[in-house]
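1. Show me the folded form of this:
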Amino acid sequence: MTLDQELPTWLGRVGVFDLETTGVDVTADRIVTAHVGVLDAQGRAIAGRSWIADPGVVIPDGAAAVHGVTTEHARRHGRDTREVVVEITESLRTLFEQSIPVVAYNASYDFSLLAHECTRNGVVPLTRPGPIIDPLVIDKAVDRYRKGKRTLEVVAGHYGVPLDGAHEASADAIAAGRVAQAIARRFPLASSAPELHTQQIGWARTQAESLTEYFIRIGRIDPADALDGRWPVRHSSGSTG
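-> Numbers count the residues shown, from 1 in each chain. Below is the predicted model of the structure:
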């Protein structure tokens, strides 16, 4: 492990992306709030846009307790879901077209749910989105045997990244970007964002296989219910983040 090494040039400007939603099923749940932004090499937010959508369904109390947006609030202040999905997708597409990598914590959740929202609302989805940087996948790969949870709050604390207002889309997105930069200063990573993107595909698959074996061993899932390790877009429900 290398401490305080120089930040790779390709992490000097990164996009950040986060969704807060009605639940954890990527195929059926809906976007409530979202943030897409850009950080500089010091982790400062130099651009950003946030959205609140009316998901068109009741926001469960459990989800509202996490992100703070109730059904009433979303109906009063939220915009049409299709408009929001279009703007989020175009914002991300613009970053990718400029070869700016996008950080998303547990990226397969956010990008999968967005893909299903595109399909549901007749919006052209992102085609092979990337390069994407997922601090959850990377942290598990570079510090595999560290004990404890790997939620964004816990991992941010581990890397000394402040996270005020957890589960608020902009706060989570910005913290995830700073965590990615902190990991890169502590561990040697790939020489480019596309190379790291490719590595994460394999890491995510291996991590899902390992977690599946563990869940089967403790009786949490049946052998037929293997976790979907496809990254950054998967199709089954549930979140391991």
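2. Could you use CA atoms for every contact and neighbour count after this?
-> Will do.
3. Asp172 belongs to a helix?
-> Yes - counting by DSSP: H, G, I helix; E, B strand; the rest coil, one finds Asp172 located in a helix.
4. Now do the same contact list for it.
-> For Asp172, the set of contacting residues under the criterion of Cα atoms under 8 Å, 6 or more residues apart in numbering consists of Asp18, Leu152, Leu163, Gly165, Ala166.
5. Tell me how far the fourth one lies from Thr212.
-> Using Cα to Cα, to the nearest Å, one gets 31 Å for the distance from Gly165 to Thr212.
6. and what of Trp203?
-> When Cα to Cα is the yardstick, Trp203 and Thr212 sit 14 Å from each other.
7. And Asp29, by the same measure?
-> Here Asp29 is placed at a distance of 23 Å from Thr212 (Cα to Cα).
8. And for Phe17?
-> In this structure, Phe17 lies at 27 Å from Thr212, with Cα to Cα as the measure.
9. what's the answer for Glu97, then?
-> Distance, Glu97 to Thr212, using Cα to Cα: 35 Å.
10. In terms of neighbours, single out the busier of these two.
-> Thr212 (21 against 11; other Cα atoms under 10 Å).
11. Could I get the contacting residues of that one?
-> Applying Cα under 8 Å, 6+ apart to Thr212 gives the contacts Ile221, Ala226, Leu227.
12. For PyMOL, write a command that selects the buried ones of these.
-> This is the PyMOL syntax for the buried subset of the contacts of Thr212, where burial follows 16 or more other Cα atoms under 10 Å:
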select buried, resi 227
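13. Identify, from the contacts of Thr212, the entry nearest to Ser192.
-> Of all these, the one with the least separation from Ser192 (Cα to Cα) is Leu227, at 28.6 Å.
14. so what's the closest one up against?
-> For Leu227, the contacting residues are Ala208, Glu209, Leu211, Thr212, taking Cα under 8 Å, 6+ apart as the criterion.
15. Show me what counts as buried in the host helix or strand of the last one.
-> Going back to what we said before, that points to Thr212. Applying DSSP states H and E as the criterion places Thr212 in helix 193-217. Buried positions in helix 193-217, judged by neighbour count with 16+ other Cα under 10 Å: 193-194, 196-197, 199-200, 203-205, 207-209, 211-213, 215.
16. Val161 - how many residues pack around it?
-> Under the criterion other Cα under 10 Å, the count of neighbours that Val161 has is 19.
17. whoops, Gly56 was the one
-> As a burial measure, the neighbour count of Gly56 was computed by other Cα under 10 Å and equals 15.
18. Helix, strand, or coil at Trp51?
-> strand.
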